[in-house]
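> Compute the structure for the input listed below.
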Amino acid sequence: MRDDLNMSVSSIVEKNGQKQIYVVFEDDTRSAEGRLPDGKILSNNGFSDEEVAALELYLSANSAQIHEMAKKINIMDAFLK
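Below you'll find the model as predicted:
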């Protein structure tokens, strides 16, 4: 994978009674969206199968840190900026 990959993390959302976090990985030409707690990539545009597997491994290995990031996101603050 390239070194200039950006990651965006959603706030914690509840869907069907389960708390979930959505994570987007992107660079200039590719993007992929994953979800925690299952650690799976839901959509992929341009990443190879090997890269998707690496992104899923990253999600699983860093789920606690990503969860902490998501807990700090206040959606109302984002709207007011």
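> Which other helices and strands does the helix of greatest length in the chain contact?
Ordering each helix of the chain by length in residues (DSSP state H) puts helix 49-61 first. Using 3 or more C-beta pairs under 8 Å, 6 or more residues apart in numbering; DSSP states H and E, the elements in contact with helix 49-61 are strand 31-36, strand 40-45. The way it works is simple: take the backbone N, C-alpha and C, and place the C-beta from them, glycine included.
> Repeat the analysis, applying 6 Å as the threshold.
In this structure, helix 49-61 makes packing contacts with strand 40-45, judged by 3 or more C-beta pairs under 6 Å, 6 or more residues apart in numbering; DSSP states H and E.
> Distance check, the residue lying closest to Y22 once chain neighbours are set aside against E50.
Taking C-beta to C-beta, 6 or more residues apart in numbering, and ignoring the residues beside it in sequence, Y22 has S10 as its nearest neighbour in space, at 4.2 Å. Applying C-beta to C-beta, to the nearest Å, one obtains 26 Å for the distance of S10 from E50.
> For L55, grab the count of nearby residues.
For L55, the neighbour count with other C-beta atoms under 10 Å is 23.
> swap in the one 3 residues further on?
The criterion is other C-beta under 10 Å. On that basis, Y58 has 18 neighbouring residues.
> The residue nearest the centre of the chain: what secondary structure?
Averaging the C-alpha coordinates of the chain gives a centre point, and the residue nearest to it by C-alpha atoms, centre = their mean is V23 (1.2 Å). Classification of V23 by DSSP: H, G, I helix; E, B strand; the rest coil places it in strand.
> Which residues does it form beta bridges with?
With beta bridges defined as DSSP bridges, V23 has these partners: V9, G34.
> where's it relative to L80, distance?
24 Å.
> where does this protein dip in pLDDT?
Residues of the chain that meet the criterion pLDDT under 70 lie in 1-3, 78-79, 81.
> do that again at 90, thanks
Counting by pLDDT under 90, the chain contains low-confidence ranges at 1-3, 15, 73-81.
> separation between the residue nearest to Y22 and A54?
Note on S10: its distance to A54, by C-beta to C-beta, is 21 Å.
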